[in-house]
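Peer 1: Quick one, what's the 3D model for this:
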Amino acid sequence: DLAAAVWVGFPEAEIPMTTTRIGSVTGGSWPAQIWQDFMSNALVDTLVTDFAPPSDLTYVTVDTRSDCLANTFTPSEFTITVPFAPGTAPTVSCPTPPPPPPRTGPDEDERSPGDGGDGGNGGDGGNGNGGNGNGNGNGNGGDD
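Peer 2: Residues are numbered from 1 along each chain as shown. So this is what the prediction gives:
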């Protein structure tokens, strides 16, 4: 494992880092060049490995829109399971949406049988009597 840092500056913070040749020294100028040169050589023959996650992490599924604990009402496209350090995971569940308003139309049991259900015109057991109809419609034929 390797830990490294780049610092360019004066111990006395009031001395500006400017020269006539390159202008001001910023994180993207000399420090970035030093970092690139160092890292390009420091790990040349080293295999890339993943860091092992700490064993005390807690994995929690949260709502990405509000960082509360996701629940069954949270759409899956807004959930993500993320690790938290001990004591930092959210503890508040997302709010539950209110129930739908009560229906104002007739209940299913109150519909008339003529609305296409069994026994109405167009449903099984309609007004057919076996004549020119097929027994399920409005056939009125007979022997003439």
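Peer 1: mind listing what Ile80 touches?
Peer 2: By CB atoms under 8 Å, 6 or more residues apart in numbering, the contact list for Ile80 reads 61-62, 64. Where you see a C-beta, it was placed from the backbone N, CA and C, and this is true even at glycine.
Peer 1: Mark which of these are part of strands, please.
Peer 2: Applying DSSP state E to those, the entries found in strands are 61-62.
Peer 1: Output the contacts of Ile80 as CSV; include the columns pLDDT, neighbour count and distance to Pro95.
Peer 2: Shown next, in CSV, are the contacts of Ile80 (pLDDT from 0 to 100; neighbours: other CB atoms under 10 Å; distance: CB to CB, whole Å):
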residue, pLDDT, neighbour count, distance to Pro95
Thr61, 97, 13, 16
Val62, 97, 20, 14
Thr64, 95, 12, 15
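Peer 1: Kindly indicate which of the contacts of Ile80 lies nearest Asn41.
Peer 2: Thr64 (40.0 Å; CB to CB).
Peer 1: Show me the domain layout of this protein.
Peer 2: 1-49, 51-95 (automatic domain parsing).
Peer 1: quick one: terminal-to-terminal distance for the longest one?
Peer 2: The reference is to domain 1-49. Domain 1-49 has an end-to-end distance of 10 Å (criterion: CA to CA, to the nearest Å).
Peer 1: right, and out of the contacts of Ile80, which lies closest to Asp37?
Peer 2: Closest to Asp37, out of all of those and judged by CB to CB, is Thr64, at 38.9 Å.
Peer 1: Test my guess that the closest one contacts Thr79.
Peer 2: Yes - counting by CB atoms under 8 Å, Thr64 does reach Thr79; the two are 7.0 Å apart.
Peer 1: what's the weakest-modelled helix or strand in the chain?
Peer 2: Taking mean pLDDT, DSSP states H and E as the measure, the helix or strand of the chain with the lowest value is strand 18-19, at a mean of 72.
Peer 1: buried set for stretch 31-41?
Peer 2: If you call a residue buried by 16 or more other CB atoms under 10 Å, then stretch 31-41 has these buried ones: Pro31.
Peer 1: do the same with stretch 86-93
Peer 2: Buried residues in stretch 86-93 (16+ other CB under 10 Å): Pro90.
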